[in-house]
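Undergrad: Return a 3D structure for these sequence lines:
(2 chains, ligands or ions: 4)
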Amino acid sequence: MPKANVTFEDIGITVTVPAGTRLIEVSERVGAGITYSCREGECGTCIMKIVSGMENLAQRSVLEDKVLQENMAGRNNRLACQAQVLGGEIVVRPG
Amino acid sequence: MKADAAVPLAPGVHWVGALDPNLREFDVILKTANGTTYNAYCVRGSAGVAVIDTVKAEYADTFFERLQQVARYDEIIAIVLNHLEPDHTGALPELMRRAPQARLYISVKAQMMLKGLLKSDELAYTPVNTGDTISLGDRTLRFLNTPYLHWPDTQCTWLEDAGMLFSGDVFGCHFCDARLFNDRVGDFRFSFEYYYAHIMRPFREYVRDALDLIEPLDLKLIAPAHGPILRDAPRAYVQRYRQLAAPQLHNEAHRDKTLIVFYISAYGNTARMAQAVRDGAEEIDGVRASLYDLQGGEVTPFVDLIEEADAIAFGTPTINGDAVKPIWDLLSSLAVVKVSDKLGAAFGSYGWSGEGVNMVEDRLRGLKLRVPVKGVRVKLIPTEDELESCRELGRDLARHLTGRVARRVIDMSELLKEHPTHAQG
Ligand SMILES: Cc1cc2nc3c(=O)[nH]c(=O)nc-3n(C[C@H](O)[C@H](O)[C@H](O)COP(=O)(O)O)c2cc1C
Ligand code: FES
Ligand SMILES: [Fe+2]
Ligand SMILES: [Fe+2]
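TA: Ligands and ions are numbered 1, 2, ... in the order given. Below you'll find the predicted structure:
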């Protein structure tokens, strides 16, 4: 199975995960500083910054796109409860 | 003042709200000893009228009665919602029916909630942000985006020519007095403080951001959505918010990160573990750790302490398959402070099943604390080795606090072993 390396910059931990994993599944277990509320791509609480490796995440859904826009998020933001890793190296941090 | 009369605040500006003197409890979390008011306002310009906020649904009739005295429905060109909570939007659907030509102005973050409120798909509205304006002809309304005071959608509206800030729940309080103005009404100081403590306190960073926008304004009057209209010394209330949003406790160790270790212990086992966690944390430079026995204190001052701490650790025995009540009492009292930027940890002694520690860790995660170090559980009396793992828990937590954790690489399968289900299930 293809793997990806997700680095949580705030805690300095890199996790090797199978492709298809959602970031929420990793960040919660590893104790990274990204916070969640609705967990379903509605509230925008889990907005995170993709420091690098945006191309290694699956495209935003229509829903994610809308929530990001409503929260005035920038190009480098994604919702951690929605974003799925495809492979390669990804570096993220809260915010 | 005749009953149901609109009250003038300035030329072309009226209060058109409602009094609710008999309300005794608001939003489940607040007591309202002498009721409240739902303040709505009407601003007239040369090109038309703006209505700012409405009232709770039950009070729609009074609101329309007052509004009709100062404007015709076909003159209304703008409806501004500073906040979508039902106590201010209860009369909105009917107002939109009566004034179908009026444009709705809501904050950018209100968009995701408006649909849930009006249950309609084709809504015409304009999202606004700080600096956006709407013209009423000879006067202008300007918006200040002040999110999370106390919902994501909250904003304030500024009427520059009159020096009036329509502030929504900010600077409001639950106090009902038909005399309306702060220099006329009874003593509402307690209500103002109480409202802040229960509604605004969890959002103090956002309060500070909002004050940065509000303080430069040449304020002549603050028109909040509840309670007295602040026309006498409005700046005093802004200053009071500034004080309230500052740290409550002076921190003489301000360069150090603070860790508070709370514990409760029947036979002293968890107490010894707590001591060890504290000792471990103290070994790390730049961390100030303190130990508190929950049995020797009360919830409210502990909440104050937690508000100013950078990390909190809880020691609990397992009693009948659960952590103990004083822990839960404290953990269920944290809704009034912001804790999501803190680190958390749990540990404790147990007899045979030891569920308490994991339950507390889950609760901490549920409160959005980061739980970076796995809790230590010890069967009955801790050995020297076990006390050493408690010291290591303290050291680890302290290293996370001071950003001194070694970078590491782990595999997802290890995480799955430690947390088989989602942290919050
Ligand atoms: C009334 C009572 C109920 C208990 N229930 C449990 C339990 O359900 N599961 C468990 O693991 N231990 C249970 N214990 C054992 C305690 O967790 C154990 O004695 C522990 O060491 C107490 O720690 P302390 O030093 O803080 O008193 C129970 C103890 C008492 C007195
Ligand atoms: S947690 Fe609500 S959008 Fe992700
Ligand atoms: Fe509100
Ligand atoms: Fe309100």
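
Undergrad: per-residue pLDDT, the most centrally placed residue in chain A?
TA: Closest residue to the average C-alpha location of chain A: residue A:80 at 3.4 Å, with C-alpha atoms, centre = their mean. If you check residue A:80, the pLDDT there is 96.

Undergrad: got the contact list for it?
TA: For residue A:80, the contact set (C-beta atoms under 8 Å, 6 or more residues apart in numbering or on different chains) comprises A:22-24, A:27, A:34, A:36, A:46-48, A:92. In short, each C-beta sits where N, CA and C put it, glycine included.

Undergrad: And the residue of chain A found nearest ligand 3, how far from residue B:153?
TA: Residue nearest to ligand 3 within chain A (C-beta to the ion): residue A:43, separated by 17.2 Å. Taking C-beta to C-beta, to the nearest Å as the measure, residue A:43 falls 12 Å from residue B:153.

Undergrad: who has more neighbours, those two?
TA: The neighbour count for residue A:43 versus residue B:153, taken as other C-beta atoms under 10 Å in any protein chain shown, is higher for residue B:153 (26 against 18).

Undergrad: What sits closest to the more buried one if chain neighbours are left out?
TA: Leaving out its chain neighbours, the residue that sits closest to residue B:153 by C-beta to C-beta, 6 or more residues apart in numbering or on different chains is residue B:110, at 3.5 Å.

Undergrad: re the thing from before, quick one: the residue nearest to the centre of chain A from residue B:26, how far?
TA: Applying C-beta to C-beta, the value for residue A:80 to residue B:26 is 34 Å.

Undergrad: Residue numbers of chain A in contact with ligand 2?
TA: Taking C-beta under 6 Å from any ligand atom, the part of chain A that reaches ligand 2 is made up of A:36-39, A:41-46, A:67, A:79, A:81.

Undergrad: let's see it at 8 Å
TA: Residues of chain A that fall close to ligand 2, judged by C-beta under 8 Å from any ligand atom: A:24, A:35-47, A:67, A:79-82.

Undergrad: among these, which are in helices?
TA: Applying DSSP state H to the residues of chain A next to ligand 2, the entries found in helices are A:24, A:67.

Undergrad: Let's see the pLDDT reported for the closest residue to residue B:33 other than its chain neighbours.
TA: In space, and not counting its chain neighbours, residue B:33 is closest to residue B:24: 7.4 Å by C-beta to C-beta, 6+ apart. Note for residue B:24: predicted pLDDT of 94.

Undergrad: okay but residue B:24 is in contact with residue B:32, surely?
TA: Yes: using C-beta atoms under 8 Å, residue B:24 is in contact with residue B:32, at 5.8 Å.

Undergrad: Between the two, which has more neighbouring residues?
TA: residue B:32 (22 against 12).

Undergrad: Check which helices and strands the least confident helix or strand in chain B by mean pLDDT sits against.
TA: Within chain B, confidence by mean pLDDT, DSSP states H and E is lowest for helix B:111-118 among all helices and strands, at a mean of 83. In terms of contacts (3 or more C-beta pairs under 8 Å, 6 or more residues apart in numbering or on different chains; DSSP states H and E), helix B:111-118 is packed against helix A:62-70, helix B:92-98, strand B:125-128.

Undergrad: got those as TSV, with distance to residue B:377 and mean pLDDT columns?
TA: Shown next, in TSV, are the helices and strands packed on helix B:111-118 (distance: least, C-beta to C-beta, whole Å; pLDDT from 0 to 100):
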stretch	distance to residue B:377	mean pLDDT
helix A:62-70	39	90
helix B:92-98	53	96
strand B:125-128	50	95
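
Undergrad: Can you check which of these gets nearest to residue B:38?
TA: Closest of the helices and strands packed on helix B:111-118 to residue B:38 is helix B:92-98, at 12.1 Å (criterion: C-beta to C-beta).

Undergrad: residues making contact with the closest one?
TA: B:51, B:54, B:60, B:64, B:73, B:76, B:79, B:81, B:102, B:104, B:117-118.

Undergrad: Distance from that helix to the middle of the chain?
TA: Its chain's C-alpha centre and that of helix B:92-98 lie 29 Å apart, by C-alpha atoms, centre = their mean, to the nearest Å.

Undergrad: how about that helix: buried residues?
TA: Buried residues in helix B:92-98, counted by 16 or more other C-beta atoms under 10 Å in any protein chain shown: B:92-93, B:95-96, B:98.

Undergrad: What is the nearest of these to residue A:87?
TA: Distances from residue A:87 to these, taken as C-beta to C-beta, are shortest for residue B:92 (48.4 Å).

Undergrad: check contacts around residue 67.
TA: Let's take chain A. The contact partners of residue A:67, by C-beta under 8 Å, 6+ apart, come to A:41-44, A:79, B:112.

Undergrad: nope, chain B please
TA: B:6, B:16, B:40, B:42, B:51.

Undergrad: Report the closest residue of the stretch 1-150 of chain B relative to ligand 3.
TA: Counting by C-beta to the ion, the stretch 1-150 of chain B gets nearest ligand 3 through residue B:85, at 3.8 Å.

Undergrad: Please apply the same query to the stretch 101-250 of chain B.
TA: residue B:169 (4.3 Å).

Undergrad: Verify the stated contact: that residue with residue B:225.
TA: Yes: counting by C-beta under 8 Å, residue B:169 touches residue B:225, with 5.4 Å between them.

Undergrad: Compare neighbour counts for those two and give me the winner.
TA: Remark: of residue B:169 and residue B:225, residue B:225 carries more neighbours, 28 against 25, as counted by other C-beta under 10 Å.

Undergrad: Would you map the helices across the stretch 151-300 of chain B?
TA: In the stretch 151-300 of chain B, the helices defined using DSSP state H, counting those that start in this stretch lie at B:189-195, B:204-214, B:234-244, B:269-282, B:299-308.

Undergrad: For the third one, buried residues please.
TA: Meaning helix B:234-244. By neighbour count on 16+ other C-beta under 10 Å, the buried set for helix B:234-244 is B:234, B:237-238, B:241, B:244.

Undergrad: same thing with stretch B:112-129?
TA: Neighbour-count burial for stretch B:112-129, with 16+ other C-beta under 10 Å as criterion, is recorded at B:112-114, B:117-118, B:127-128.

Undergrad: wait, which of those is closest to residue B:304?
TA: Nearest to residue B:304 out of those is residue B:113 (C-beta to C-beta; 31.7 Å).

Undergrad: which element is the residue nearest to that closest one when sequence neighbours are not counted on?
TA: Once flanking residues are discounted, residue B:113 sits nearest to residue B:84: 5.2 Å by C-beta to C-beta, 6+ apart. Following DSSP states H and E, one finds residue B:84 outside all helices and strands.
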